[in-house]
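Peer 1: give me the fold of what follows.
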Amino acid sequence: MKRYSLLLLVTILQVFFFGSIFAQKDTKKQKLLKLAKENNGLVHLNSRSYSQFTEGRRNYGIVVLLTALDDRFRCIPCREFDPEYRLVASSYQKTQDPSRVFFGRLDFNDGQEIYQKLGLQTAPNVFYFPPSDSGAKKEPIRYDIARSGFTAETFAEFLTGETGATVPVHRPFDYFKAGVKIFMVLGLAASIKLAYAHLGFIIFHKNTWAAISIIIVLVMTSGHMWNRIRNPPYVMPGPNGKINYVANGFTQQLGMESQIVASMYGVLAFAVVSLAVSVPKFDDKLRQRIGVYIWMGCIIIVFSCLVNMFKLKNGSYPFSLLF
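Peer 2: So this is what the prediction gives:
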């Protein structure tokens with residue numbers, strides 16, 4: 001009799017123990033569901049709630065954006081990525097089962113303890129905490145913003161691969177922008193029609209097509225197709241909220257970086273063309289000499305900047321000219 005009583009007591013204790021664990025997990029999930037529903041899919045966190053929802057056992061996944069939106073931090077990447085993050089959160093909230101993944105945001109003003117605990121000195125940072133049913137401590141998966149970019153589409157693609165759930169992106173239709181584009185297209189068409197009678201010869205002039213060819217060559221040699229294929233970020237966040245315009249290494253580049261290189265190539269091409277075409281047409285030898293000095297100086301200075309840019313990408317680059 002005592003043996004059966006002891007077994008009954010142990011069974012009851014196990015039921016209460018595991019029941020409390022599952023109840024705690026369900027309570028956390030229900031609270032997240034309520035908070036996400038109240039704020040269009042986004043859960044505002046502080047140091048306490050961050051630890052509550054990301055530590056221990058959980059039967060859900062949670063994505064956390066650690067950012068610094070206060071004006072005094074001047075974090076341009078934070079402001080650039082925040083609307084894209086909110087767009088993904090709101091889009092996922094409208095799916096059939098938004099309880100599989102939650103989207104939290106922890107601002108520096110609300111979570112300085114967490115920043116210190118994680119040793120973070122830059123923002124923004126995104127971590128995905130997968131479900132942990134067994135109670136084993138799982139390391140969060142970090143989303144590399146600098147490499148993958150700030151757009152909602154690339155971020156949603158990353159989450160789809162990590163969570164196994166389809167994370168959509170539903171951008172609202174911008175009627176104002178569409179109206180402006182239609183108005184500009186109609187205005188451009190009307191302007192072309194009115195100006196064609198007087199400026200039509202430009203379309204068939206050889207210099208027009210020469211300029212178009214040079215522009216295409218400059219754009220392509222600066223890395224435009226690489227940008228189209230890899231879709232790199234336009235700029236990259238650096239330490240202390242600064243912006244980097246040049247990516248380290250010869251296998252990576254940024255959107256603005258290719259524009260800077262194209263501008264340098266354009267100035268060099270214009271200088272060479274001027275030396276070969278414009279300067280020889282001067283009747284005065286003094287003007288010719290001054291023109292040669294000016295355009296040669298321009299070539300030397302701009303080419304020095306171009307070589308220096310290569311050195312910025314790779315500190316071991318051995319060549320330099322003026323700088």
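
Peer 1: determine how far the helix or strand where residue 218 lies lies from the middle of the whole chain.
Peer 2: In the assignment (DSSP states H and E), residue 218 maps to helix 206-221. Averaged C-alpha coordinates place helix 206-221 at 30 Å from its chain's average position (CA atoms, centre = their mean, to the nearest Å).

Peer 1: got the angle for the helix or strand hosting residue 178 vs helix 206-221?
Peer 2: Element membership for residue 178, per DSSP H and E: helix 175-204. Counting by axes from the mean of the first three to the mean of the last three CA atoms, to 10 degrees, helix 175-204 lies at 130 degrees to helix 206-221.

Peer 1: helices and strands around helix 175-204, which ones?
Peer 2: Where contact means 3 or more CB pairs under 8 Å, 6 or more residues apart in numbering; DSSP states H and E, helix 175-204 is not packed against any helix or strand. Where C-beta positions appear, they are placed from N, C-alpha and C, glycine not excepted.

Peer 1: could you redo the last one with a cut-off of 10 Å?
Peer 2: helix 206-221 (3 or more CB pairs under 10 Å, 6 or more residues apart in numbering; DSSP states H and E).

Peer 1: show me what the helix it packs on is packed up against.
Peer 2: With contacts defined as 3+ CB pairs under 10 Å, 6+ apart, helix 206-221 has these neighbours: helix 175-204, helix 224-230, helix 255-273.

Peer 1: one step back: list the buried residues for the helix holding residue 218?
Peer 2: For helix 206-221, a neighbour-count test (16 or more other CB atoms under 10 Å) marks 218-219 as buried.

Peer 1: what does stretch 51-70 give?
Peer 2: Neighbour counts over stretch 51-70 (16+ other CB under 10 Å) mark 53-54, 58, 60-68 as buried.

Peer 1: try stretch 127-139
Peer 2: Neighbour-count burial for stretch 127-139, counted by 16+ other CB under 10 Å, picks out 127-132.

Peer 1: among those, which ones are in strands?
Peer 2: Per DSSP state E, strands hold the following members of those: 127-129.
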